[in-house]
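*Asks:* Structure for this input, please:
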Amino acid sequence: MLLHGAGGSTQSFRHLIPLLSESYHVVAIDLPGQGFTRLGAQARCGLETVAEDITVLCELESWRPNAIIGHSAGAAVAFDLAARLPEPPAEVIGINAALSNFKGVAGVMFPVMAKALAMMPGVASLFTASNGNPRSVQRLIEGTGSRLAPDDLRHYGALVSDRGHVNATLQMMAQWDLGPLSNRLPHSKQRGLLIAGTGDRAVPAATSRDLAARIEGLDYTELPDLGHLMHEEAPEAVAGLILARLTKNAPV
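*Replies:* Residues are numbered from 1 along each chain as shown. As a prediction, the model looks like this:
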């Protein structure tokens, strides 16, 4: 199962899916209100509520994922989801996993600002109007440390031009709380791998490196010079690490 990050959609895995599906059945879903989904309840965009709703979806669809792979905020959802499923996955793999809060003043101010923006009428429309042109989209992506091909940038252009998608992303940011998951992870027996790009400007590689060093069962590896969207920049390299991990720990 593949879970995208905040502000993305399943399109971010469009290069990775063909590589993984040669060996596995792959399911990728859009998080509530983002991509091709519709937002149900405005109040169910936080980490725990999203994981709860995906748990129900897995039950309805009879999905029993052997591995959950999450990018950025999707990695946090993956770890939370893994603990809720009746049959926990053998592996959780995080790609540039957003598994720590901002430090210092930013850690206090960012959640407050996100909540304020999410509550203000018209903010989603203002964002789509100011960031929908190709140059703005390119600057947004390059700000994360990644460089994408024109076709990939067009997909992001469609997302940031969608008011519903932007609203759901703002709601997710406003309701995001890593506290409960951070408290549970050190005591979790979940096995996993954290993959980080050393050029990531959105979530520093040290976030994954430090977490793996502190939590038994989590391993860490990195890819040099790649940014936050490294699974789109270098899908073959990322897929190679994922497949090697799943093959190594496959049940005999």
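*Asks:* mind listing the strands for the stretch 101-250 of the chain?
*Replies:* Across the stretch 101-250 of the chain, reading from the start of the chain, the strands by DSSP state E, counting those that start in this stretch fall at 192-197, 218-223.
*Asks:* Now do the first one: which elements does it pack against?
*Replies:* Contacts of strand 192-197 with other secondary structure elements, assessed using 3 or more Cβ pairs under 8 Å, 6 or more residues apart in numbering; DSSP states H and E, are made with strand 91-95, helix 205-214, strand 218-223, helix 230-233, helix 235-248. No exception for glycine: its C-beta is placed from N, CA and C like everyone else's.
*Asks:* Spatially nearest residue to residue 159, not counting backbone neighbours?
*Replies:* residue 165 (5.3 Å; Cβ to Cβ, 6 or more residues apart in numbering).
*Asks:* List the contacts of the one you found.
*Replies:* Residue 165 is in contact with 7, 9, 33-35, 159, counting by Cβ atoms under 8 Å, 6 or more residues apart in numbering.
*Asks:* quick one: which of these sit in helices?
*Replies:* In this view, these that belong to helices under DSSP state H are residue 159.
*Asks:* Looking at the contacts of residue 165, state which has the most neighbours.
*Replies:* Comparing those on neighbour count, residue 34 comes out first with 26 neighbours (neighbours: other Cβ atoms under 10 Å).
*Asks:* Now do that residue against residue 207, distance only.
*Replies:* From residue 34 over to residue 207 the distance is 22 Å, taken as Cβ to Cβ, to the nearest Å.
*Asks:* now swap in residue 99 and tell me
*Replies:* 6 Å.
*Asks:* got it, and residue 13?
*Replies:* Taking Cβ to Cβ as the measure, residue 13 and residue 207 are separated by 21 Å.
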